[in-house]
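>>> Mind folding the following:
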Amino acid sequence: MITADLSKTESRTYPARRRTQNIVGGASPIQAKNFALGNVTLEPNGGQVPWHNQEQEEVYFIVEGTGEMCLGNERQVLTTGQAAYIPSGVFHQLTNIGDKPLRMIYCYGPAGDVAHWRQELAGTLPKAGGEAPPLPAGAQPQCTEKPR
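Numbers count the residues shown, from 1 in each chain. Down below sits the predicted model:
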């Protein structure tokens, strides 16, 4: 049996103030062809999965906290116990709007690389309203901070 233990799983911190741990795929001992799964912690007051899109379908499940979810031209607050479906190719962003960490689980399929992780580390994410569609009206701004 192949298992993964979140308490022993390495993490990576991104410029947009989030920490990601692969549960299935990436550096995890569990590898699957049809999906990837991970745990993400967004820092309070603005930690973010920045505006991006990808080929895979995806679901974000909020384990704890409060976030602003932007999906295409829609914007909605998500809280503990809620999930959002993200269709293939649609730009999306999740921002922690609370004063406590937001924890969420992502699941996307099929498994494989998602370019936004590399782009964020390199400071080359497509900018909302420029190389990417604009964020929905009133949305938190996209984190475009380059790594230090």
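>>> for the closest residue to Thr95 other than its chain neighbours, helix, strand, or coil?
Leaving aside its sequence neighbours, Thr95 sits nearest to Gln140 (C-beta to C-beta, 6 or more residues apart in numbering; 4.2 Å). All C-beta spots, glycine's among them, are computed from the backbone N, C-alpha and C. Of the three states, Gln140 takes coil under DSSP: H, G, I helix; E, B strand; the rest coil.
>>> From Ala128, how far off is Gln140?
Look at Gln140 and Ala128: by C-beta to C-beta, to the nearest Å, they are 11 Å apart.
>>> Flag every buried residue along stretch 99-115.
Within stretch 99-115, the residues scored as buried using 16 or more other C-beta atoms under 10 Å are Leu102, Arg103, Met104, Tyr106, Cys107, Tyr108, Gly109, Ala111, Val114.
>>> Mind checking which of Gln140 and Ala128 has more residues around it?
Taking other C-beta atoms under 10 Å, Gln140 and Ala128 do not tie; Ala128 has more neighbours (21 against 18).
>>> can you tell me which residues contact the more buried one?
By C-beta atoms under 8 Å, 6 or more residues apart in numbering, the contact list for Ala128 reads Trp51, Phe91, Pro134, Leu135, Pro141, Gln142.
>>> Grab the two from these that are most spread out in space.
By the measure C-beta to C-beta, Phe91 and Pro141 form the most distant pair in these, at 14.1 Å.
>>> which of those two has more neighbours?
Phe91 (21 against 13).
>>> Closest to Asn34 out of the buried residues of stretch 99-115?
Distance to Asn34, by C-beta to C-beta, is smallest for Gly109 among the buried residues of stretch 99-115, at 5.3 Å.
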